[in-house]
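K.L.:
Any chance you could fold what I've pasted below:
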Amino acid sequence: MNTQARKESEITNAQGEVERKVETVDYCSSAGKGKEVKTVQVIHQYPGSNQKTGGVVLTGAAAAVASTLESAKDAISRK
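P.N.:
Below is the predicted model of the structure:
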């Protein structure tokens, strides 16, 4: 990675989350194609310190995944 091409900035958005924006260069190549160079922007979001997330969000997500898997298992077994 070319560290000379990186540019970083950090702001707090309207929702109170800290956003770190990193502008960098993506180098990729595919079979039959030459090297492709693109400028990309990556945004990392961190919840503000006053927000309570984590366990509650993960518990809800885990329950949704378990329910979806159970539904899929039931649908397959009924064939």
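K.L.:
Report the beta-bridge partner residues of residue 37.
P.N.:
Here residue 37 sits in beta bridges with residue 27, as judged by DSSP bridges.
K.L.:
Using the record's assignment, carve this protein into domains.
P.N.:
As assigned by automatic domain parsing, the chain contains the domains 1-48, 49-79.
K.L.:
pLDDT averaged over the first one - what is it?
P.N.:
Across domain 1-48, pLDDT averages out at 80.
K.L.:
quick one: the helices in the chain?
P.N.:
Taking DSSP state H as the test, the helices found in the chain are 55-77.
K.L.:
Now do the most centrally placed residue in it against residue 27, distance only.
P.N.:
Nearest to the geometric centre of the chain sits residue 44, at 7.8 Å (C-alpha atoms, centre = their mean). Distance of residue 44 to residue 27, given as C-beta to C-beta, to the nearest Å: 21 Å. To be clear about C-beta, it is placed using only N, CA and C from the backbone, and glycine gets the same treatment.
K.L.:
circling back: my guess is the residue nearest to the centre of the chain contacts residue 19. True?
P.N.:
Yes: with contact defined as C-beta atoms under 8 Å, residue 44 reaches residue 19; the gap is 7.1 Å.
K.L.:
list the contacts for residue 19?
P.N.:
The contact partners of residue 19, by C-beta atoms under 8 Å, 6 or more residues apart in numbering, come to 10, 11, 12, 13, 43, 44, 45, 46.
K.L.:
That concludes my questions; thank you for your assistance.
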